[in-house]
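> Structure of the sequence below:
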Amino acid sequence: LATMGCCSSKNDSDDSSSGENKKKLPAIGIPSNLRGSNVSMDENDPLTVGGQGAAMASAPIEQDAAYWEVKVLKQGSIQVGVSRKLTSKELEAGIAKTQPSGSERCWVFAEPVFEGDIIGVAFSQSDYPNLSFTKNGQMMPLNDFKRITGLVYPVVGVDGGGCLKVIFDVDELSNTMPMKFSPLMVAQSVL
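Numbering: from 1, shown residues only. Reported below is the predicted structural model:
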């Protein structure tokens, strides 16, 4: 088998002919203004992240309990979690370098990961811990965070050749979502 690069395209068959008429929620992406300039994105899969720096999702976490996953495509330095809205300078520097001493702007899982690992991220506005992680379906309680308040965004950081795919779509999740959690959603006005 030939090995493809981290952010190479893959040819998936177009499944739009299935006839299903599901109402699609607005897509969550990683726009160019929410990632460092050295963060590379796959043009055919805009949630595949490589290079060096940090990248944030386009939607903040405004629901009570949100869950998403990150699949490690290529081993390297990878961080996954939530953060306040980062400045362009912070996005360039990457997550490991964004927090001055005594400042809490990012809360991330930064344990060693390997190709194929799936990191589950569960963020709750009301339950403790606020932020918890699984690695390949196993709880990682030493990486839990408590008392995260205010508006936060899903965030990832890459360096050292690492490459990952962020998974917000419930149909693409590898693990079962924890009870009371739902996929990250874009807030919509009811007016």
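> quick one: contacts of stretch 167-180?
The contact list for stretch 167-180 (Cβ atoms under 8 Å, 6 or more residues apart in numbering) reads 28, 47, 57, 64-65, 67-71, 118, 120, 122, 124, 127, 134, 137, 154, 182-184. C-beta coordinates here come from the backbone N, C-alpha and C atoms, glycine included.
> which parts of that stretch are buried?
Buried residues in stretch 167-180, counted by 16 or more other Cβ atoms under 10 Å: 167-169, 173, 177.
> Assumed residue 120 was part of a strand.
Yes. The assignment for residue 120 is a strand, going by DSSP: H, G, I helix; E, B strand; the rest coil.
> confidence score at the most centrally placed residue in the chain?
The centroid of the chain falls nearest to residue 166 when counting by Cα atoms, centre = their mean (4.6 Å). Note for residue 166: predicted pLDDT of 97.
> which residues does it form a beta bridge with?
residue 70 (DSSP bridges).
> Looks like it contacts residue 50 (just checking).
No. The pair residue 166 / residue 50 is not scored as a contact, 11.9 Å apart, by Cβ atoms under 8 Å.
> Tell me where the chain is predicted with low confidence.
For the chain, the stretches with pLDDT under 70 are 1-26, 96-103, 188-191.
> Can you show me the strands along it?
For the chain, the strands defined by DSSP state E cover 39-42, 45-51, 53-56, 65-74, 77-83, 106-109, 118-124, 131-135, 138-139, 153-159, 163-167, 182-183.
> how far away is residue 88 from residue 32?
11 Å (Cβ to Cβ, to the nearest Å).
> Then residue 63?
Separation of residue 63 from residue 32 (Cβ to Cβ): 25 Å.
> who has more neighbours, those two?
When neighbours are counted by other Cβ atoms under 10 Å, residue 63 and residue 32 differ, and residue 63 comes out ahead with 17 against 11.
> for that one, what are its contacts?
Contacts of residue 63 (Cβ under 8 Å, 6+ apart): 125, 182, 184-185, 187.
> again with residue 71
Here residue 71 is in contact with 116-119, 164-165, 167, 174 (Cβ under 8 Å, 6+ apart).
> need the contact list for residue 79.
With the criterion set at Cβ under 8 Å, 6+ apart, residue 79 makes contact with 54, 94-96, 106, 108-110, 155-158.
> Would you list the buried entries among those residues?
54, 94-95, 106, 108-109, 155-158.
> Closest one of those to residue 149?
Nearest to residue 149 among those, counting by Cβ to Cβ, is residue 106 at 14.4 Å.
> For the closest one, name its beta-bridge partners.
Note on residue 106: beta-bridge partners residue 83, judged by DSSP bridges.
> isn't it right next to residue 155, touching?
Yes. Counting by Cβ under 8 Å, a contact exists between residue 106 and residue 155, whose distance comes to 6.4 Å.
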